[in-house]
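Peer 1: Pasting the sequence and the predicted coordinates here, then a few questions.
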Amino acid sequence: MTSKGIRDLYVLVFLCLKTREIIVTESTVNPDSAWVCQQTEWFHEQTKDQEKKPEMIIHDRDVKFTKDFTKTVKDAGMTTNPLPKGSPNLNGRCERVIETIKLECLAKFIVFGKRHMDYLISEFVTYYNTQRSHMSRDHLPPIRKEPEEVAALTMDQIEVKSYVGGLVTSFERKAA
């Protein structure tokens, strides 16, 4: 999915519907078909060592998703599933992730260009995938396994950590 970003910067967002894990590409001011193909190849490199590899990319009917894009996806061992025309509700989860990135991260900063935006989004994606709780995952982050049993903690066993430049605070168990 593409999303118009700050100062006409665009990113491509890949969302795993099952785990809610997101992978966001580098930004660009010119999101053409060649860029989408390049980012799809990068996405494939990022996910090739995962136990469960992506099988399908669901996308809207944007003109950037060309035959070259379909070939790139096929060469990576995946299939494409373009959404039907005039069906914006079928893309709701990915659109919500894009809105989350905008509201919880980008709206809190003055972005000073491509490099700064890429850094902010990278930091937020790390936080989102490893720390942020998700109701659909019983309040666990996308890439964290459910703990066996949770023990009661005292206040001196808790450490306060800061993410995304102090924007987000997390409470974690201190290392032994």
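Peer 2: Alright, I've got the coordinates. Residues are numbered from 1 along each chain as shown.

Peer 1: When you work out contacts or count neighbours from here on, use the C-alpha atoms and nothing else.
Peer 2: Will do.

Peer 1: State the number of residues packed around residue 56.
Peer 2: 14 (other Cα atoms under 10 Å).

Peer 1: And the one 4 residues further on, by the same measure?
Peer 2: Taking other Cα under 10 Å as the neighbour definition, residue 60 ends up with a count of 19.

Peer 1: the helices in the chain, which residues?
Peer 2: Assignment of helices within the chain using DSSP state H yields the ranges 33-47, 67-75, 92-104, 114-130.

Peer 1: what would the ones you listed look like in CSV with mean pLDDT, distance to residue 27 and mean neighbour count?
Peer 2: Shown next, in CSV, are these (pLDDT from 0 to 100; distance: least, Cα to Cα, whole Å; neighbours: other Cα atoms under 10 Å):
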stretch, mean pLDDT, distance to residue 27, mean neighbour count
helix 33-47, 93, 10, 17
helix 67-75, 94, 18, 16
helix 92-104, 89, 13, 15
helix 114-130, 92, 6, 18
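
Peer 1: Neighbours of residue 24, how many?
Peer 2: For residue 24, the count of nearby residues is 20 (other Cα under 10 Å).

Peer 1: For residue 126, see how far away it is.
Peer 2: Distance, residue 24 to residue 126, using Cα to Cα, to the nearest Å: 10 Å.

Peer 1: what residues are shared contacts of those two?
Peer 2: Residues touching both residue 24 and residue 126 (Cα atoms under 8 Å, 6 or more residues apart in numbering): none.

Peer 1: Which residues does stretch 58-74 contact?
Peer 2: The contact list for stretch 58-74 (Cα under 8 Å, 6+ apart) reads 1, 31-34, 36-37, 40-41, 57, 79-85, 91.

Peer 1: Now do stretch 54-74: distance to the chain's middle.
Peer 2: 17 Å (Cα atoms, centre = their mean, to the nearest Å).

Peer 1: Ends of that stretch, what's the gap?
Peer 2: 12 Å.

Peer 1: so what's the most centrally placed residue in the chain up against?
Peer 2: The structure's the chain has its C-alpha centroid closest to residue 22; by Cα atoms, centre = their mean the separation is 2.6 Å. Counting by Cα under 8 Å, 6+ apart, residue 22 touches 13-16, 125, 128-129.

Peer 1: And residue 48, by the same measure?
Peer 2: No contacts exist for residue 48 under Cα under 8 Å, 6+ apart.

Peer 1: 10 Å instead?
Peer 2: Residue 48 is in contact with 54, 76, counting by Cα atoms under 10 Å, 6 or more residues apart in numbering.

Peer 1: returning to that earlier point: mind putting the helices of the chain in a markdown table, distance to residue 168 included?
Peer 2: A markdown table is the format used below for the helices of the chain (distance: least, Cα to Cα, whole Å):
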| stretch | distance to residue 168 |
| --- | --- |
| helix 33-47 | 26 |
| helix 67-75 | 35 |
| helix 92-104 | 9 |
| helix 114-130 | 9 |
